[in-house]
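[1] Give me the fold of what follows.
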Amino acid sequence: MDQTVKTLRDQVADTLQGNILPFWLRMQDGRRGGFYGRMTGDGVLVKDASKGGILNARILWSFSAAYRVLGNAEYLAAARNAYRYIIDHFIDHEFGGTFWEVDADGRPIDTKKQFYAIGFTIYGLSEYARAIAHRGGPADEAQEAIDQAVALFDDIERHSRDLQYGGYIEACSREWGALADMRLSDLDANFPKSQNTHLHIIEPYTNLLRTLREFPALKVGDGVVRRLEAAVRHLIDIFCYRILNPETHHLDLFFEMDWTRGAGWLESYGHDIECSWLLHEAALVLADETLLREVEPIVRLVAKASEKGLNADGSMTHEANLDTGHVDADRHWWVQAETVVGFFNIWQYFGDEDALHKAVGCWHYIQDNLIDHNLGEWFWSRDAQRNINRKDDHAGFWKCPYHNSRMCLEIIERAEAIG
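    As a prediction, this is how the structure comes out:
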């Protein structure tokens, strides 16, 4: 193994097991079940905070994947805690789908069906089943998780898929009715389709498909695998020929139903580099050589376009609005994590040594600036002058262990595969 890669692997493994996951193990809510919903940027645990569906699904994915790769029984226990809480409190057993938010006692307080959150629940459930099956755990538990994941896949296909123009809408009411405000967050523009939601539908669909292919003993209904394959192909097509801007090779962010671009000329460098490797992953899981030949040049173009956001210190800028000239130059934790994986992927599959240097350079920025060695976990961000952002949560609705733990696990697995 290349010494640079070995060092990177060893360092991210230490960070995962010594910094990220121990913090989240301490975030378990021993009285109410599941995990606490918030810790402020100043490190104050808010025990009565509400609990978000995205946070809990990402925790489920993180501990499931960590257990699958590393085999630590403590990670399985945490994954099982997250799993049971999702099944008991976030799954809508009356109308299907998942709730957006519950209170500290697990009672629904926002029941809208945001397909981004449902996608993440599929991601967590499929990884939980995959981890249990990989480690030889209870077959009935893995099957229950897969059954829930497939039911949510059906919900998205039934209620979000746009049969006229293609792709997926953002949100519905609890009963699957129309919503005037489909926004994922207050920071987003209100359009019926977004790059972000599509990115986090292709991601869980790919993982569910991979799990079913790896473990055929997991039983699903007739045609489910074929429908998943078709859906992943459809999403690849949407990214390559609808979401990707053919002039700049950046991803456009918001769209009308007919794919007219909305909300201005925006570039999100973190989403660009994240999409480059997730799009590649989807094509690799489908294992269609013709499709790979079509997709791989696009993967490289998107990764190359993201380099516009790279800084001299190795970090990646968040995003820019080209209409107004405003650049959000903060170095967000998730953007840095995806930068490491995205450029490592370009090196791994295309032999681009400069891409490996970019991955390692961003990792060095993370080591020096984002890892919180006192509380554990990572800071939300630093600004261009390296001031720590303490306004935003240290843990919360959007501050989860998924981007950084996944970065570590991806590097560990990829390094081991390279040998």
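[2] which stretches of the stretch 1-150 of the chain form helices?
    3-15, 21-26, 53-70, 73-85, 115-134, 139-159 (DSSP state H, counting those that start in this stretch).
[3] Packing partners of the least confident helix or strand in the chain by mean pLDDT?
    Least confident helix or strand, the chain: strand 261-262 with a mean of 92, by mean pLDDT, DSSP states H and E. For strand 261-262, the packing partners by 3 or more CB pairs under 8 Å, 6 or more residues apart in numbering; DSSP states H and E come out as strand 254-255. C-betas here are computed from N, CA, C, even on glycine.
[4] before we move on, back to that, which one of the helices of the stretch 1-150 of the chain lies nearest to N245?
    helix 115-134 (21.4 Å; CB to CB).
[5] does F120 really touch W61, like I thought?
    Yes: the pair F120 / W61 is scored as a contact, 7.4 Å apart, by CB atoms under 8 Å.
[6] With neighbour numbers in mind, choose between these two.
    A count of neighbours by other CB atoms under 10 Å puts W61 above the other of F120 and W61, at 30 against 27.
[7] With adjacent residues omitted, what lies nearest to the more buried one?
    G124 (4.2 Å; CB to CB, 6 or more residues apart in numbering).
[8] quick one: that neighbour and I54 touch, right?
    No: G124 is not in contact with I54 according to CB under 8 Å; the separation is 10.0 Å.
[9] Compare the two and say which one has the larger neighbour count.
    Taking neighbours as other CB under 10 Å, G124 and I54 compare with G124 leading, 30 against 23.
[10] if I look at the nearest residue to F255 once chain neighbours are set aside, how far off is R242?
    Closest residue in space to F255, ignoring its immediate chain neighbours: K193 at 4.2 Å, by CB to CB, 6+ apart. Distance of K193 to R242, computed by CB to CB, to the nearest Å: 9 Å.
[11] same check, this time on R210
    R210 is 24 Å from R242, by CB to CB.
[12] hmm, back to that, tally up the residues packed near the residue nearest to F255, please.
    28.
[13] so who does it touch?
    Listed by CB atoms under 8 Å, 6 or more residues apart in numbering, the contact set of K193 reads 162, 167-170, 254-257, 259.
[14] Those, buried ones only, as a PyMOL selection?
    Applying 16 or more other CB atoms under 10 Å to these, the buried members can be selected in PyMOL as follows:
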select buried, resi 167+168+169+170+254+255+259
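[15] will you turn the contacts of K193 into JSON lines that also has pLDDT?
    Output for the contacts of K193, formatted as JSON lines (pLDDT from 0 to 100):
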{"residue": "D162", "pLDDT": "98"}
{"residue": "G167", "pLDDT": "98"}
{"residue": "Y168", "pLDDT": "98"}
{"residue": "I169", "pLDDT": "98"}
{"residue": "E170", "pLDDT": "98"}
{"residue": "F254", "pLDDT": "97"}
{"residue": "F255", "pLDDT": "97"}
{"residue": "E256", "pLDDT": "97"}
{"residue": "M257", "pLDDT": "98"}
{"residue": "W259", "pLDDT": "98"}
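[16] Just give me the closest of the contacts of K193 to A189.
    F254 (4.8 Å).
[17] Distance check, the nearest residue in space to F120 that is not next to it in sequence against H200.
    Leaving aside its chain neighbours, F120 sits nearest to A57 (3.9 Å; criterion: CB to CB, 6+ apart). The gap separating A57 from H200 is 10 Å, by CB to CB.
[18] Please enumerate the shared neighbours of those two.
    With CB under 8 Å, 6+ apart, A57 and H200 have common neighbours 120, 123.
[19] Counting neighbours, go ahead and name the busier of these two.
    A57 (27 against 23).
[20] what stretches of this structure score poorly on pLDDT?
    Under the criterion pLDDT under 70, no range of the chain is flagged.
[21] What about R414, how many residues nearby?
    18.
[22] tell me the secondary structure for it?
    With DSSP: H, G, I helix; E, B strand; the rest coil as the basis, R414 sits in helix.
[23] Just confirm it contacts F344, I think it does.
    Yes: applying CB under 8 Å, one finds R414 in contact with F344, separated by 6.5 Å.
[24] The stretch 301-419 of the chain: helices as residue ranges?
    Using DSSP H, counting those that start in this stretch, helices in the stretch 301-419 of the chain cover 333-350, 353-369, 402-418.
[25] Work out for me the element the nearest residue to L212 once chain neighbours are set aside sits within.
    Once flanking residues are discounted, L212 sits nearest to V225: 5.6 Å by CB to CB, 6+ apart. According to DSSP states H and E, V225 maps onto helix 224-238.
[26] orientation of that helix relative to helix 139-159 in degrees?
    Calculated by axes from the mean of the first three to the mean of the last three CA atoms, to 10 degrees, helix 224-238 forms an angle of 50 degrees with helix 139-159.
[27] neighbours around the closest residue to R210 other than its chain neighbours, how many?
    Nearest in space to R210, with sequence neighbours left out and distances taken as CB to CB, 6+ apart, is V285 at 5.0 Å. The tally of other residues near V285 (other CB under 10 Å) stands at 17.
[28] and V285, helix, strand or coil?
    Going by three-state DSSP: V285 is helix.
[29] which residues touch it?
    Contacts of V285 (CB under 8 Å, 6+ apart): 206, 209-210, 213, 232.
[30] In strands, which of the contacts of K193 appear?
    254-255 (DSSP state E).
[31] for the contacts of K193, which one is nearest S50?
    E170 (21.1 Å).
[32] pretty sure that closest one is in contact with Q195, am I right?
    No: look at E170 against Q195 with CB under 8 Å: they stay out of range, at 11.2 Å.
[33] before we move on, the earlier item: identify each buried residue in the helix holding V225, please.
    So, applying 16+ other CB under 10 Å, buried residues of helix 224-238: 224, 227-229, 231-232, 234-236, 238.
[34] export those to a markdown table and tack on distance to R174?
    Listed next are the buried residues of helix 224-238 as a markdown table, based on distance: CB to CB, whole Å:
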| residue | distance to R174 |
| --- | --- |
| V224 | 25 |
| R227 | 25 |
| L228 | 26 |
| E229 | 30 |
| A231 | 24 |
| V232 | 28 |
| H234 | 26 |
| L235 | 25 |
| I236 | 31 |
| I238 | 27 |
